[in-house]
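Enquirer: take a look and give me a structure for this.
(2 chains)
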Amino acid sequence: MGVIRVELRNVYVTYQDVDRPSLKNINLMIGECKLIIITGPNGSGKTTLLETCLGLIKPFKGIVKLLGTPTNSRRIYDARRKCSYLPQNFMRSPYESYTVKQVIEMGLLSIKGSMSALTIEDSRRIRELAGQLGIDDLLDQPVGRLSGGQQQKVFLTRALVREPLVLFLDEPFSSLDPASREHVALLLYKYVREKKATALIVSHVINRELSEVADAVITMSSGELASITGYTI
Amino acid sequence: MIEIIIISSIIGSLILALIGYYVSRLGLSTVAFSAAHAALAGAAISSILNSDPYTLPTVFTLCLGLILGLALPRTSSLVLNNISMMMFSFFNSIALLAIYVSNISVLSTTRIGGLLWGSLLAVTVDRFMYITVLAGVFLSFLILYKPKLDAIVFDKKLAEAEGINTQFISMVIITFMCIAVVLMLEVVGGFLVFSLIYVPYMVSLILSQKADLQLVITGLFGITITPLGAYLSLVLDTPIGSTIALTISISAIVIYIVKKSIELTRNNLNKR
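Expert: Got it, this is the predicted structure:
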């Protein structure tokens, strides 16, 4: 399997004031150069699983490691800097005043430290990725004025420009048209293969584009891993 | 003395306006409100004890900042704002009770008057120095952390997921706000100090849709209109806090009317 990027051992997660655990007895190890789809019905724990892997939600039982770092350790910030995340609720209000370029550059800040540290190479990469996703002519627009699909592409560009070791993408195709879905799926597949990265993609619908590029499909049901098909984990 | 009053109002309003921009964008608007009243409670007790005007207000506001800062990652901004408003009522009660139990005639004293609606006499050389030092430290922080602050303001959860310690930076901003409120409290008054925090940001929203420009407008509005209010208070011999708050509120309303009039005229011309 090579290097283990994400590891969950006997993990239970529960939200405050909720009796039933949101995640139950999750055991998972995901290595490098893998594109994993996490699917399941609404409320099955897909997003909770993703956020638990990132350490945004702490388990009440079990161990979660991201890039070898326990998520309850202070060093988790260092591990997160090597990861990218695309949240499910990405839509901004029409009054959001940051421009597309600023939003993408923010993705580099936790790695670079300050805006002045951005290099010409960073700017070139931003332009190139934005071009690949068809938003290069929107870079100076306030992000709130863009459509849902365009905003999703901005967040995808931000996630990829960081050149992460692990990509956590929560419903990254939800607002995209069929042509864009296919293009993004291929882009993610190429990224994972070329950079030996790992991608965990939450999607409640598995379409043709996704099933063609996935190494494994994890199906969740009521907070448990119902089935794993494909790559042996 | 006039120079110190004007310069203090410029520096103080700059810090409060810039802090207000970030506090408002972080969805923590009510924190400024409760911080002002925590400082008011501290100042009311210090005036009864006849102690210095900085220690107790600072302790009270920093305690509040600590409580809210620790609650910040564990709850939503909606709940946090409700906790903040509860703390506002709590500290306001302490302030009013402290003033009441001390001596009823104390209400007419300059010190208590300054606490409630501001006083020119509160602008002392030591306060001027504290405000200047705070401005230096805050602007240095802003230069170093602005990109991270922007990332948090844009999407706190995403910033956290990308490895930015959002709790630390939010706590620092709340701490700066608490100290700035303490320093400006007796100048502008406990009931009016938040007008320096909220109104400049609101004006920036009226005038621009670009984030960086909004920050510049917020600062510029603060440093031009607040000293104008301070100057008018000197000329007209009116209470400084009320005059500043009234000047910035009227300016904001005028700016809004002018902006809307220009937009309306432009739309009519385009229709023709």
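Enquirer: tell me the secondary structure for the spatially most central residue of chain A?
Expert: With distances taken as Cα atoms, centre = their mean, chain A has A:Phe168 as the residue nearest its mean C-alpha position (1.9 Å). At A:Phe168, secondary structure determined by DSSP: H, G, I helix; E, B strand; the rest coil is strand.
Enquirer: contacting residues for it?
Expert: A:50, A:53-54, A:83-86, A:200, B:161 (Cβ atoms under 8 Å, 6 or more residues apart in numbering or on different chains). No exception for glycine: its C-beta is placed from N, CA and C like everyone else's.
Enquirer: show the average pLDDT along whichever strand or helix holds B:Gln214.
Expert: Following DSSP states H and E, one finds B:Gln214 within helix B:211-236. Across helix B:211-236, the average pLDDT comes to 90.
Enquirer: report whether the helix or strand that comes right after it contacts chain A.
Expert: Later in the chain than helix B:211-236, the nearest helix or strand by DSSP H and E is helix B:240-271. No. Interface with chain A: helix B:240-271 contributes nothing (Cβ under 8 Å from any Cβ of the partner chain), its closest point being 15.1 Å away.
Enquirer: show me the two of the contacts of A:Phe168 that sit farthest apart.
Expert: The widest separation within the contacts of A:Phe168, taken as Cβ to Cβ, falls between A:Cys53 and A:Leu86 and amounts to 13.5 Å.
Enquirer: and the helices in the chain?
Expert: As the question left the chain open, I've gone with chain A. Along chain A, counting by DSSP state H, helices occupy A:46-54, A:76-80, A:100-112, A:120-132, A:148-161, A:178-195, A:208-213.
Enquirer: oops, chain B please
Expert: Per DSSP H, chain B carries helices over the ranges B:2-25, B:29-49, B:55-71, B:77-102, B:110-117, B:125-154, B:156-161, B:166-188, B:195-207, B:211-236, B:240-271.
Enquirer: quick revisit: between the contacts of A:Phe168, which is nearest A:Glu182?
Expert: A:Leu86 (17.7 Å).
Enquirer: who does that closest one bridge with?
Expert: Under DSSP bridges, the beta-bridge partners of A:Leu86 are A:Leu169.
Enquirer: separation between it and B:Ala95?
Expert: Distance from A:Leu86 to B:Ala95, counting by Cβ to Cβ, to the nearest Å: 47 Å.
Enquirer: pLDDT wise, what is B:Ile173 at?
Expert: The model's pLDDT for B:Ile173 equals 90.
Enquirer: can you tell me which residues contact it?
Expert: B:Ile173 neighbours (Cβ under 8 Å, 6+ apart): B:19, B:22-23, B:26, B:149.
Enquirer: and if you look at A:Ile36?
Expert: A:Ile36 neighbours (Cβ under 8 Å, 6+ apart): A:30, A:198-201, A:214-218, A:231.
Enquirer: could you flag which of those are buried?
Expert: Listed as buried from the contacts of A:Ile36 are A:30, A:198-201, A:214-218, A:231; burial here means 16 or more other Cβ atoms under 10 Å in any protein chain shown.
Enquirer: nearest to B:Leu68 among those?
Expert: A:Leu200 (33.9 Å).
Enquirer: rewinding a little: in JSON lines: the contacts of A:Phe168, plus distance to B:Thr61.
Expert: Shown next, in JSON lines, are these (distance: Cβ to Cβ, whole Å):
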{"residue": "A:Leu50", "distance to B:Thr61": "38"}
{"residue": "A:Cys53", "distance to B:Thr61": "38"}
{"residue": "A:Leu54", "distance to B:Thr61": "34"}
{"residue": "A:Cys83", "distance to B:Thr61": "37"}
{"residue": "A:Ser84", "distance to B:Thr61": "38"}
{"residue": "A:Tyr85", "distance to B:Thr61": "34"}
{"residue": "A:Leu86", "distance to B:Thr61": "38"}
{"residue": "A:Leu200", "distance to B:Thr61": "43"}
{"residue": "B:Ala161", "distance to B:Thr61": "31"}
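Enquirer: thinking again about what came up before, of the contacts of A:Ile36, list those near chain B.
Expert: Answer for these near chain B: none qualify (Cβ under 8 Å from any Cβ).
Enquirer: from those, which two are the most distant?
Expert: Most distant of the contacts of A:Ile36, by Cβ to Cβ, are A:Thr198 and A:Val217, 15.0 Å apart.
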